[in-house]
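Chemist: need a structure here:
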Amino acid sequence: MLNPKVALFYLALFPQFLDAENGSVAFQIMVLASIFLIIDFAVHGVVIGLAGSMRSLSANGRVLTNWLRYFLGLVFGGLAARLIFDGQR
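Modeler: Numbering: from 1, shown residues only. Below you'll find the model as predicted:
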């Protein structure tokens, strides 16, 4: 509730789904916000579950940990190269 980005999201996105002819606008906002929160909790629950299982895999195996470090280094190196070469255009 105190996050201004979420408030801006609600103010920018919700009005296009509201219709004053279909009843109370406040009730429609509450229904849309509830649906959004249910979906948000489900998605974050899946992400947390997957992160927990990846954590247990990485704690047990040094090979996976090293592979992930090299992969992230490759990703960040690629992003840095893209920034360097895009700036030369």
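Chemist: Sketch out the low-pLDDT regions of this protein for me.
Modeler: For the chain, the stretches flagged by pLDDT under 70 are 1, 56-61, 88-89.
Chemist: show me where it has helices.
Modeler: 4-13, 25-60, 62-87 (DSSP state H).
Chemist: tell me the angle the last one makes with helix 25-60.
Modeler: Read that as helix 62-87. 120 degrees (axes from the mean of the first three to the mean of the last three C-alpha atoms, to 10 degrees).
Chemist: Equivalent analysis for the shortest one, please.
Modeler: Relative orientation of helix 4-13 versus helix 25-60 (the same axes, to 10 degrees): 130 degrees.
Chemist: Mind giving me the packing neighbours of helix 4-13?
Modeler: Using 3 or more C-beta pairs under 8 Å, 6 or more residues apart in numbering; DSSP states H and E as the contact test, no helix or strand touches helix 4-13. From N, CA and C alone the C-beta is placed, and that goes for glycine too.
Chemist: ok, residues contacting it?
Modeler: Identification of contacts with helix 4-13 by C-beta atoms under 8 Å, 6 or more residues apart in numbering yields 29, 33.
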